[in-house]
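# below are the sequence and a predicted model for it; my questions follow.
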Amino acid sequence: MKQSFTIYPAIDIRGGKCVRLVQGDYGQETIYADQPVEMAVRFEQAGAKWLHVVDLDGAKAGQPINLQEIKEIARMVELPIQVGGGLRSLQQIEELFAIGVTRAILGTAAIEDRAFVERALEKYSDRIAIGIDAREGYVATRGWLDTSQVRADQLATSLAEVGAKTFIFTDIARDGTMTGPNTKAIISLAQSCGQNVIASGGVSQYEELEYLALHAQEGVSGAIVGKAIYTGAIDLKTAMKQIASLRGVH
């Protein structure tokens, strides 16, 4: 049986604009589009199967901020969308679903409010993804401003036991740096938790995507690509064709 591997082009929203940060540093920002919806439409036209959207203001504030921009994206494209950034309540998740979002990403809450996360998993099951952002193996929270004492693999394993089926793993040291993803940590996390893991952070060339895709059978189900697409290092349409051509992956 073929294992699927999805490329998720990333749209990070701050102040209503499409931006990219370096290692989550709000002081190292590059604006790539004044209207995030324009980027979403462009990705859809290039053949994307999913969109990954992060409300950076929401991640910092602890509540969704750029809902209007997210709503516009959901209205203008027919792609499934996963959204993260500041989600702390079932009501906030329901608001996202109501405007057309397919999957909600819970990050900080996975550390700070376990009961809420378990309720969300019980109610929405595979419409919830757990975002695990790690700094030297330990989970970071609140827009990466704080670092917990919880190890990434421990968190994933314990949440898998209560129903989490999808994890998004980001090595903060690699994010926005174009230095390559932490493939060892990504594959190890997928193997240890036994669920789907989407790689995030540092993807800079086609070969890295191919390497990750070849581990789809071990649970590496996709990769989020941001800066590499925006800078032209990776062409989304070309990347998708190359992944589709790999034996045993679709």
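Perfect, I can see it now.
# could I get the average pLDDT for stretch 224-236?
Taken as a whole, stretch 224-236 has an average pLDDT of 95.
# no, scratch that, I was asking about stretch 159-169
96.
# pLDDT below threshold where in the chain?
1-2, 143-145, 177, 248, 250 (pLDDT under 70).
# residue ranges of the helices in it, please?
36-45, 56-61, 67-76, 90-98, 108-112, 114-124, 152-160, 183-193, 206-213, 227-230, 236-244 (DSSP state H).
# just so I know, which of those lies nearest Phe5?
helix 206-213 (4.1 Å; Cβ to Cβ). (Each C-beta comes from the backbone N, C-alpha and C, glycine too.)
# please identify the buried residues of stretch 178-186?
Using 16 or more other Cβ atoms under 10 Å as the burial criterion, the residues of stretch 178-186 that qualify are 178, 180-183, 185-186.
# got those as JSON lines, with distance to Glu44 columns?
Below are the buried residues of stretch 178-186 laid out as JSON lines (distance: Cβ to Cβ, whole Å):
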{"residue": "Met178", "distance to Glu44": "24"}
{"residue": "Gly180", "distance to Glu44": "27"}
{"residue": "Pro181", "distance to Glu44": "24"}
{"residue": "Asn182", "distance to Glu44": "29"}
{"residue": "Thr183", "distance to Glu44": "28"}
{"residue": "Ala185", "distance to Glu44": "31"}
{"residue": "Ile186", "distance to Glu44": "26"}
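# in the residues you listed, find the pair that's most separated.
Met178 and Ala185 (17.7 Å).
# which of the buried residues of stretch 178-186 lies closest to Lys123?
For these, the nearest to Lys123 is Ile186 (28.1 Å; Cβ to Cβ).
# look up how far Ala134 lies from the closest one.
Going from Ile186 to Ala134 by Cβ to Cβ, to the nearest Å gives 10 Å.
# cool, and Val54?
On the measure of Cβ to Cβ, Val54 and Ala134 end up 16 Å apart.
# neighbour count for these two, which is higher?
Val54 (28 against 25; other Cβ atoms under 10 Å).
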